[in-house]
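1. kindly generate the corresponding structure for this input.
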Amino acid sequence: MASFPLATSRRYKDADGNILEHTSWHKIKFTGDNADKILRIVKKSALVQVEGSIRYDTYTNKEGAEVHATSIHGENFRVVAFPKRQEDSEAAEATEESA
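-> Residues are numbered from 1 along each chain as shown. This next block holds a predicted model:
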């Protein structure tokens, strides 16, 4: 299983024309082959497109309080952009392999 946080951001203008940004954090879970692939391929700060279903769970925490949790159970993913450092190292590896 692969589980990680994913941020989504939205920029918009308020009534006064000020540009505001709102970031939401989501818990993503992958299982099976895609879990292995995403752990192997995707690094922190990569831009990733995730397709999946939203799950709503309820559990009781250690203090006895009922907690509601939302997660996205990933079915597919696509890397849109790698972090700059990862791109550089992969390009160097590709260059060495093709030489």
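
2. now do the buried residues in stretch 39-58.
-> Val42, Ala46, Val48, Val50, Gly52 (16 or more other CB atoms under 10 Å). No exception for glycine: its C-beta is placed from N, CA and C like everyone else's.

3. okay, those in a markdown table with pLDDT and distance to Ser3 next?
-> Shown next, in a markdown table, are those (pLDDT from 0 to 100; distance: CB to CB, whole Å):
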| residue | pLDDT | distance to Ser3 |
| --- | --- | --- |
| Val42 | 85 | 13 |
| Ala46 | 84 | 16 |
| Val48 | 88 | 14 |
| Val50 | 92 | 13 |
| Gly52 | 95 | 12 |
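
4. the residues you listed: which two are farthest apart?
-> Using CB to CB, the pair of the buried residues of stretch 39-58 lying farthest apart is Ala46 and Gly52, separated by 16.8 Å.

5. and which of the buried residues of stretch 39-58 is nearest Thr8?
-> Val50 (10.0 Å).

6. contact partners for that closest one?
-> Going by CB atoms under 8 Å, 6 or more residues apart in numbering, Val50 touches Leu6, Ile28, Ile72, Gly74, Asn76, Phe77.

7. and it, bridged to which residues?
-> Bridge pairing for Val50 (DSSP bridges) gives the partners Phe77.
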